[in-house]
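**Q** Model the structure of this input:
(4 chains)
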Protein chains: 2
Amino acid sequence: MGKQMTEMLKGTLEGIVLAILAVGAAHGAEITARLRERGFTDIAEGTVYALLVRIEQKGLVDVEKVPSEKGPPRKVYSLSAQGRDYLDEFWTSWNFLTNQLTDLKTDAHERGH
Amino acid sequence: MGKQMTEMLKGTLEGIVLAILAVGAAHGAEITARLRERGFTDIAEGTVYALLVRIEQKGLVDVEKVPSEKGPPRKVYSLSAQGRDYLDEFWTSWNFLTNQLTDLKTDAHERGH
DNA sequence: CCCGGTACTCAGCGATACTATGTACCGGTA
DNA sequence: TACCGGTACATAGTATCGCTGAGTACCGGG
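**A** Okay, here's the model as predicted:
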């Protein structure tokens, strides 16, 4: 993806991860994998883990340590009640933004050509 | 708007301003006004001017100084050819993001409840 | 000659994603 | 026991972007 994506993801990646967790609990590596499946192929591992630390500190997720057969214990994340509220606000903001941009797009195309 | 909007605008505000300029040339204060009209009521003046400096340095806009009857000369911005290309890339990235998020939204709602 | 409003500029801050490492844990093999 | 490879997670440093709050420049009116 282009460099524009990097900046565009700021603020949305958090919501994306929360939405993924709304579908079902998952541990870090699994979340990264799901992001890749959904087309976000260029998101670095470190980015996801750093984000998970943030949303955990904000109390948006519950964490459970689960021993793994291969490697260190996994941290399984699931949406907390607070996280659900936060996700709702995210969708509200997102909807607002898409609406404004849809308008802009049609306006720009009407006069742009 | 909430704090989420601030982060969500990173990377999109630039595209929004370019799209506004695609509708028609404008000077800084006018661009700020158009943003407000379009619902972006909380965007600070300083933010817009800083953004304009950036896109000018990137060559995405042409600038013409026009004397004003009231106040300092206005800097009128208009999309350059390079800016138009950049705007196209922006819409491509934006479309990708909206598609992925639309999918996510339905998935999260199906299993989320 | 100063005042108020317009238009633009700048320094410092906080938050986010990226890159590139580094650490911890486990099973398998000899 | 001792090593190795792969998995899962963590951290340090960097760049970008939008926000806040102040400052500068220009003009007409009283």
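**Q** For beta bridges, what are the partners of the spatially closest residue to residue A:27 that is not a sequence neighbour?
**A** Using C-beta to C-beta, 6 or more residues apart in numbering or on different chains and skipping the chain neighbours, the partner closest in space to residue A:27 is residue A:74 (4.0 Å). All C-beta spots, glycine's among them, are computed from the backbone N, C-alpha and C. Counting by DSSP bridges, residue A:74 forms beta bridges with residue A:66.
**Q** ok, residue A:74 - contacts?
**A** By C-beta atoms under 8 Å, 6 or more residues apart in numbering or on different chains, residue A:74 lies in contact with A:27, A:28, A:29, A:65, A:66, A:67, A:68.
**Q** Is the lengthiest helix in chain A in proximity to DNA strand C?
**A** In terms of residue count, the longest helix belonging to chain A (DSSP state H) is helix A:81-112. No: interface with DNA strand C: helix A:81-112 contributes nothing (C-beta under 7 Å from any atom of the strand), its closest point being 10.8 Å away.
**Q** what angle do that helix and helix B:81-112 make?
**A** Note on geometry: by axes from the mean of the first three to the mean of the last three C-alpha atoms, to 10 degrees, helix A:81-112 and helix B:81-112 are set 140 degrees apart in direction.
**Q** Just the buried residues of helix A:81-112, please?
**A** A:83, A:86-87, A:90-91, A:93-94, A:96-97, A:100-101, A:104-105, A:107-108 (16 or more other C-beta atoms under 10 Å in any protein chain shown).
**Q** so where is chain A shaky, pLDDT-wise?
**A** Applying pLDDT under 70 to chain A picks out residues A:111-113.
**Q** what does it have sitting close to DNA strand D?
**A** Within chain A, the positions lying close to DNA strand D (C-beta under 7 Å from any atom of the strand) are A:7, A:27-30, A:45-46, A:49-50, A:52-53, A:68, A:70-76.
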